[in-house]
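Engineer: Kindly return the folded structure for what I paste below:
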Amino acid sequence: MTAIEFGRGPSGSDSGQVGAPRSQRHSRRTRAAKDFSRRRMWVVARTDLRQLIQSKDYWIPMVALGSLFFFVIPTVLLLTITSIGDINVVQQASQALKILPPQAQAQIQGQSPQGRTAFALAVYLFAPVAVVVPLTISTAVGAATLVGERERGTGEFLAHSPASVREIYLGKLFASFVPGYLTTLVGFGMYSMVVNLVVGPEVGGWFFPTPEWWVLMLWIMPPFLLLTLSLVLRLSARVRSTAAAQQASGLITLPMIGIAYSQSTGTLLGGSSATGWILGAIAWVVAAISLHTGVRSVTRARLLGVAQ
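Structural biologist: The predicted model follows:
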């Protein structure tokens, strides 16, 4: 991050205001401060995103991870279920569907054991992947974002830049959020195509995404990801090394992953999108509170590495 990127904005905005009424000058300064605040936040985020794009060590594993979990593994498993020759194996797997709540079982489509089993796997078993992938990608970025500034020697410039600690915090948060969530949306599109092409003929046509999946992806996933990142950034601001930040962030993500895997048994949404709307609303409130309080974890002294 360079001083040229931040700049000073139209510093001449105060000129010509000497003779203006005090209230008018105050209004102009307030409006300008809001604009500059937003601009500086985007500078922080844009700079971090540019560095990630230019780093092959980051985006190549990110693409590989998304392709593996959203395309390769689902394709192999679903093709195995729908094309398997041993009907006894399929029937045994179909019996495992009884662990799903009654409302979820009522949602399962398909006349054959293969179709019903493949439908349940596509809708319920693979749902945690939509949470695990963005958590893995975004926490890897977030864990290193602030402590990494100190390790690279750029924390001193960031600490003395025109950006406020709130702008730095939100900019870093946005730069950590975008890669994980964008990868998930792209992977979700790939996964939807695989499910409809492989499982669709077994259940009478294209059926995916289901309403529960739309709620999961667009309503539940963003606040869960923001909540996790707000906690990870707090750690990144306090620890002294990237390795320590990544280890600590793993402890934060474990509960989130556990919640996600509860959907593999249908207990998270239970076949009802109404449950998802309620869960998402709660997650948004908690995430908003965590974001509001998390900004206090970022201080200029911590960016300089002279405080914990």
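Engineer: helix or strand for the residue nearest to Val198 when sequence neighbours are not counted, which one?
Structural biologist: Once flanking residues are discounted, Val198 sits nearest to Leu78: 4.5 Å by CB to CB, 6 or more residues apart in numbering. (C-beta placed from N, C-alpha, C; glycine too.) Assigned by DSSP states H and E, Leu78 falls within helix 73-83.
Engineer: residues making contact with that helix?
Structural biologist: 90, 93, 114-115, 117-118, 121-122, 126, 129, 191, 194-195, 198-199, 202 (CB atoms under 8 Å, 6 or more residues apart in numbering).
Engineer: got the CA positions of that helix in PDB?
Structural biologist: Extracted in PDB, the C-alpha atoms of helix 73-83 (Å, rounded to 0.1, in the frame of the first residue of the first chain):
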ATOM      1  CA  ILE A  73     -16.300 -34.600  -5.400                       C
ATOM      2  CA  PRO A  74     -20.100 -34.100  -6.000                       C
ATOM      3  CA  THR A  75     -19.800 -35.300  -9.600                       C
ATOM      4  CA  VAL A  76     -18.000 -38.500  -8.600                       C
ATOM      5  CA  LEU A  77     -20.300 -39.300  -5.700                       C
ATOM      6  CA  LEU A  78     -23.600 -38.500  -7.500                       C
ATOM      7  CA  LEU A  79     -22.500 -40.500 -10.600                       C
ATOM      8  CA  THR A  80     -21.600 -43.400  -8.400                       C
ATOM      9  CA  ILE A  81     -25.000 -43.400  -6.700                       C
ATOM     10  CA  THR A  82     -27.100 -42.900  -9.900                       C
ATOM     11  CA  SER A  83     -25.000 -45.400 -12.000                       C
END
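Engineer: Now do stretch 161-174: distance to the chain's middle.
Structural biologist: Taking CA atoms, centre = their mean, to the nearest Å, the mean C-alpha location of stretch 161-174 is offset from the chain mean by 19 Å.
Engineer: now do stretch 134-152
Structural biologist: 13 Å.
Engineer: Could you number the chain from 575 rather than 1 from now on?
Structural biologist: Sure, I'll start numbering at 575, so the last one becomes stretch 708-726.
Engineer: if we can go back for a sec, could you measure from the residue nearest to Val772 over to Met830?
Structural biologist: 26 Å (CB to CB, to the nearest Å).
Engineer: mind listing what's buried in the helix holding Leu652?
Structural biologist: For helix 647-657, the neighbour count (16 or more other CB atoms under 10 Å) marks Pro648, Thr649, Leu651, Leu652, Ile655, Thr656 as buried.
Engineer: closest to Leu809 among those?
Structural biologist: Nearest to Leu809 among the buried residues of helix 647-657 is Pro648, at 32.4 Å by CB to CB.
Engineer: mind listing the helices for the stretch 725-874 of the chain?
Structural biologist: Along the stretch 725-874 of the chain, counting by DSSP state H, counting those that start in this stretch, helices occupy 729-733, 739-772, 774-777, 785-789, 795-812, 816-835, 847-868, 874-878.
Engineer: Select, out of the ones you listed, the one closest to Val707.
Structural biologist: Judging the helices of the stretch 725-874 of the chain by CB to CB, what sits closest to Val707 is helix 739-772, at 5.7 Å.
Engineer: Pull stretch 768-775 out as CSV, backbone CA atoms only.
Structural biologist: In CSV, the C-alpha atoms belonging to stretch 768-775 read as follows (Å, rounded to 0.1, in the frame of the first residue of the first chain):
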residue,chain,number,x,y,z
VAL,A,768,-23.7,-30.9,-11.8
VAL,A,769,-26.7,-31.7,-9.6
ASN,A,770,-29.3,-30.9,-12.3
LEU,A,771,-27.5,-32.8,-15.0
VAL,A,772,-26.7,-35.9,-12.9
VAL,A,773,-29.6,-36.1,-10.5
GLY,A,774,-32.3,-34.3,-12.5
PRO,A,775,-33.1,-37.2,-14.9
